[in-house]
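Chemist: Output the structure for:
(2 chains)
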There are 2 protein chains.
Amino acid sequence: MLIVQKYGGTSVGNPDRIKNVAKRVVRTKEQGHSVVVVVSAMSGETDKLINLASQVSDNPDPREMDMLVSTGERVTIALLAMAIQTLGHNACSFTGRQAGIISDSVHTKARIEKISTDRITQVLQDGGIAVIAGFQGIDEHSDVTTLGRGGSDLTAVAIAAALKADYCDIYTDVDGVYTTDPNVVPQARKLNKISYEEMLEMASSGAKVLQTRSVEFAKKYSVPVRVLSSFNDNPGTLVTKEDSDMENVVVSGVACDKNQVKVTIIGVPDRPGVAAKIFGTIASNNIIVDMIIQNIGEGGLTDMTFTVPKPDAKKVMEVMKQVVAEIGSKGVSIKDDIAKVSIIGVGMRSHSGVAAQMFAALAKERINIMMISTSEIKISCVIDAKYAELAVRVLHENFNMDKAA
Amino acid sequence: MLIVQKYGGTSVGNPDRIKNVAKRVVRTKEQGHSVVVVVSAMSGETDKLINLASQVSDNPDPREMDMLVSTGERVTIALLAMAIQTLGHNACSFTGRQAGIISDSVHTKARIEKISTDRITQVLQDGGIAVIAGFQGIDEHSDVTTLGRGGSDLTAVAIAAALKADYCDIYTDVDGVYTTDPNVVPQARKLNKISYEEMLEMASSGAKVLQTRSVEFAKKYSVPVRVLSSFNDNPGTLVTKEDSDMENVVVSGVACDKNQVKVTIIGVPDRPGVAAKIFGTIASNNIIVDMIIQNIGEGGLTDMTFTVPKPDAKKVMEVMKQVVAEIGSKGVSIKDDIAKVSIIGVGMRSHSGVAAQMFAALAKERINIMMISTSEIKISCVIDAKYAELAVRVLHENFNMDKAA
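Modeler: Numbers count the residues shown, from 1 in each chain, chains lettered A, B, ... in the order given. Predicted structure coming up:
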């Protein structure tokens, strides 16, 4: 089989852990598989680099930021290739560029456009192990780009898709996907299998185990993804196509996202084109809006509320102050002590009353709901951040997530 | 004027120092010059990376070593470009590859073969400042190479030659080239001017102010090099073509190199082709031999003694054990507590008795000389390492180097 393995920052956090990863890679190779490894920067390194940048500039240029932070993964690939060679196997490290990962030019959150796997294929044909820097690519100007936080998952899935790998194994510090964060709910249960759709909603709802775009990519190209621990040999969680087992479960998991802020534009004139103006401006700044609510008010004025990722808050406020002036609304306010709590499950499609059950469970604990959004397989509520853990525990228990279906 | 500035690791050792360098760069730019900046890794970073490698492998692969250590300069270029931008000027960072530096494939000590300055020229034409990673290039396979320790000097001089720059200014933590190391001899005097030839001999004799190959390159392409301090505005030392002023001075400087080991091959059969075998083997391993002495002994056997850089000692011993067996000599021994002390000056060409004066000065202090080598403008003696500083002081005084000619 051809297996792509991805090891995150904690798994390669120091030389001993890198040697441990080398052993795992070699073990897979010696079981007769072809192995491609994608690695992140050693844990803490990316933050250290970002901190250096903040000491020389208040508003670092994105191109230079990518030049800076892309170095972290390069250190890991070289060290891992050396460690594998020490165990008697051929290994060759590749930067994003050398691995043929071509992206657009949106620095710090670039999108992969094309992968040319020639060099990787050559190494595999020669019986070697390819070690690839996650999180990075190169644009048409030959400038280094990065794929956004957690982008190494995306690199792994994209490489697996391009190589038509049998599995893309994501090694992390937990041994699979849980019904919720076990640090918050000790009764959280590991799932053996989860659908791409559920995983996607989990990821976009704040579960940190896999990056959203990597799940989208896996779904699009039907890449079988396994989430595993690099510290033990427990069976992990398989992320795959939806099947009939999964549909029997109403709610598969509960997720919590504290990394968003709520922005409200007050007194928006209720006329066509205003919403397009607001969200068009945000989109052109490459900021992703999550939830949107419009309250129809009196006198032709409405309030428009939406959430964006915390790191984009400053930029959104700058941009919105201009927009507020242009459209003639009253002002803009921001609230950052919020949490989004979501329940997810493909079984919701065939079960009614799930939303009502969720609202009742929260109401019973007197947790006020500020915003609601729903999809076919997810219900999300924005609440006060201080109730986040309580809400997760209540919902986990209320929907019996500690028990397998 | 077009000025290439190079800042070493100490000058960019932390964010504050990087901001200080940015100010110097911008000041030069605002004086009306076009500026290209070449930087090293922040001090200590390269050693930190090498240390990481030593923790995962006893004998790291040179290709992977280059992938690893080339990251240090990439961090500095991004930070410096950001710091310059903060001061209101356009700046763009370039890796060795992006700066068009093509080298051969001898990893960890690659030689520059070609420079394509298109991207740099474009930035300068647009009124911007180009910030280039020193020490690195890329080979024909698109793999990252490094140019050896001190390779950032070489990058700066090579870029200056390719761009036909008016000056290549090497900023360091000392404010010029001294007659000898002021830490050893407090009377050491700063030279206003030194010839390429003298600088070359100084560099290859252990003076750390400029890397040897960068001086060779400057000489070959007649690049005017200035050695300056990044911490003050003192006038530095100009490295340039020999002129009549320089010839009046018999000895311009004394240098000391403690970074060599002495290897002796005992009982070498005295027949044609043996020396070629020994030094051919060393050369094919890309190790540079400095001094060579052959003692003609009895019974057709000779001893062959030579010096090599300390980091190559282990490899030389491995290689020599094979050669010893092949040529049928008695064995090989190594001595690493040696120092090479050299006096340098273009005036030696027209003065006799300089060598005799040097030997007499050392003999007066009862310092035993193990090896001697001479060039037109240099005399070197290998002595016991423990007498190194004493020898430097004695020679500095004996040749009146504290007094300008």
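
Chemist: Distance check, residue A:355 against residue A:379.
Modeler: 5 Å (Cβ to Cβ, to the nearest Å). Every C-beta, even on glycine, is put in place using the N, C-alpha and C of the backbone.

Chemist: neighbour count winner among those two?
Modeler: residue A:379 (23 against 14; other Cβ atoms under 10 Å in any protein chain shown).

Chemist: Is the residue of chain A positioned farthest from its centre in a helix, a strand, or coil?
Modeler: Relative to the centre of chain A, the most outlying C-alpha is that of residue A:299, 41.5 Å out, by Cα atoms, centre = their mean. Three-state assignment for residue A:299 (DSSP: H, G, I helix; E, B strand; the rest coil): coil.

Chemist: ok, it - contacts?
Modeler: Not one residue lies near residue A:299 by Cβ atoms under 8 Å, 6 or more residues apart in numbering or on different chains.

Chemist: my guess is residue A:248 meets residue A:345, correct?
Modeler: No. In this structure, residue A:248 is not within contact of residue A:345 by Cβ atoms under 8 Å, at 10.0 Å.

Chemist: neighbour count winner among those two?
Modeler: Neighbours were counted for residue A:248 and for residue A:345 using other Cβ under 10 Å; residue A:345 has more, 27 against 11.

Chemist: Model confidence at that one, what's the number?
Modeler: At residue A:345, the predicted lDDT confidence score is 91.

Chemist: In terms of secondary structure, what does the helix or strand where residue A:355 lies contact?
Modeler: Per DSSP states H and E, residue A:355 falls inside helix A:354-364. Applying 3 or more Cβ pairs under 8 Å, 6 or more residues apart in numbering or on different chains; DSSP states H and E, one finds that helix A:354-364 makes contact with strand A:378-384, helix A:388-398.

Chemist: now do 10 Å
Modeler: Under the contact definition 3 or more Cβ pairs under 10 Å, 6 or more residues apart in numbering or on different chains; DSSP states H and E, helix A:354-364 sits against strand A:338-344, strand A:371-375, strand A:378-384, helix A:388-398.

Chemist: Tell me which of the ones you listed approaches chain B most closely.
Modeler: Chain B lies closest to strand A:338-344 among the helices and strands packed on helix A:354-364, at 32.0 Å (Cβ to the nearest Cβ).

Chemist: picking that back up, now do the shared contacts for residue A:355 and residue A:379.
Modeler: Shared contacts of residue A:355 and residue A:379 (Cβ atoms under 10 Å, 6 or more residues apart in numbering or on different chains): A:343, A:348, A:372.

Chemist: Out of those, who's the most crowded?
Modeler: Neighbour-wise, the shared contacts of residue A:355 and residue A:379 (other Cβ under 10 Å) top out at residue A:343, 30 neighbours.

Chemist: List the contacts of the nearest residue to residue A:329 once chain neighbours are set aside.
Modeler: In space, and not counting its chain neighbours, residue A:329 is closest to residue A:268: 4.5 Å by Cβ to Cβ, 6 or more residues apart in numbering or on different chains. Residue A:268 is in contact with A:274-275, A:277-278, A:294-295, A:297, A:300-304, A:323-324, A:327-330, A:332, counting by Cβ under 10 Å, 6+ apart.

Chemist: Kindly report the same for residue A:340.
Modeler: A:204-206, A:255-260, A:262, A:290-291, A:307, A:370-371, A:373, A:380-383, A:385, A:388.

Chemist: Quick check on these: which are buried?
Modeler: A:204-206, A:255-257, A:260, A:262, A:290-291, A:307, A:370-371, A:373, A:380-383, A:388 (16 or more other Cβ atoms under 10 Å in any protein chain shown).

Chemist: how near is the residue farthest from the centre of chain A to chain B?
Modeler: Relative to chain B, residue A:299 is positioned 46 Å away (Cβ to the nearest Cβ, to the nearest Å).

Chemist: Tally up the residues packed near residue A:337, please.
Modeler: 11.

Chemist: pLDDT score for it?
Modeler: On the pLDDT scale, residue A:337 gets 95.

Chemist: so it makes contact with residue A:385?
Modeler: Yes. Between residue A:337 and residue A:385 there is a contact under Cβ atoms under 10 Å: 4.4 Å.

Chemist: Need the residues touching each of these two.
Modeler: residue A:258.

Chemist: What separation is there between the residue most central in space within chain A and chain B?
Modeler: In chain A, the residue lying closest to the centroid (Cα atoms, centre = their mean) is residue A:211, at 2.1 Å. In this structure, residue A:211 and chain B are 23 Å apart, going by Cβ to the nearest Cβ.

Chemist: Could you list the low-confidence segments of the stretch 1-150 of chain A?
Modeler: Within the stretch 1-150 of chain A, no stretch has pLDDT under 70.

Chemist: Narrow the contacts of residue A:268 to those in strands?
Modeler: A:294, A:295, A:301, A:302, A:303, A:304, A:332 (DSSP state E).

Chemist: JSON lines for these, including neighbour count and pLDDT?
Modeler: Shown next, in JSON lines, are these (neighbours: other Cβ atoms under 10 Å in any protein chain shown; pLDDT from 0 to 100):
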{"residue": "A:294", "neighbour count": "15", "pLDDT": "79"}
{"residue": "A:295", "neighbour count": "11", "pLDDT": "74"}
{"residue": "A:301", "neighbour count": "16", "pLDDT": "81"}
{"residue": "A:302", "neighbour count": "20", "pLDDT": "83"}
{"residue": "A:303", "neighbour count": "17", "pLDDT": "86"}
{"residue": "A:304", "neighbour count": "21", "pLDDT": "87"}
{"residue": "A:332", "neighbour count": "19", "pLDDT": "92"}
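
Chemist: Which one of these is nearest to chain B?
Modeler: Nearest to chain B among the ones in strands among the contacts of residue A:268, with distances taken as Cβ to the nearest Cβ, is residue A:332, at 27.7 Å.

Chemist: wait, that closest one sits on residue A:313?
Modeler: No. The criterion here is Cβ under 10 Å, and residue A:332 misses it with residue A:313 at 11.4 Å.

Chemist: can you list residues touching both of those two?
Modeler: In contact with both residue A:332 and residue A:313: residue A:263, using Cβ under 10 Å, 6+ apart.

Chemist: If I look at residue A:405, what pLDDT would I see?
Modeler: Taking residue A:405 on its own, its pLDDT is 63.

Chemist: do residue A:402 as well
Modeler: pLDDT at residue A:402 comes out at 88.

Chemist: Check whether the residue of the stretch 101-250 of chain A found nearest chain B sits in a helix, strand or coil.
Modeler: The stretch 101-250 of chain A approaches chain B most closely through residue A:142 (6.4 Å), counting by Cβ to the nearest Cβ. Put simply, residue A:142 is coil when judged by three-state DSSP.

Chemist: Could you check how far residue A:210 is from residue A:106?
Modeler: Taken as Cβ to Cβ, the span from residue A:210 to residue A:106 is 21 Å.

Chemist: So the two - more neighbours on which side?
Modeler: The neighbour comparison of residue A:210 against residue A:106 (other Cβ under 10 Å) goes to residue A:210, with 26 against 15.

Chemist: surely the more buried one meets residue A:157?
Modeler: Yes. At 8.9 Å, residue A:210 and residue A:157 qualify as touching, with contact defined as Cβ under 10 Å.

Chemist: Quickly list what's touching both of the two.
Modeler: Joint contacts of residue A:210 and residue A:157 (Cβ under 10 Å, 6+ apart) are A:6, A:170, A:218, A:225, A:239.
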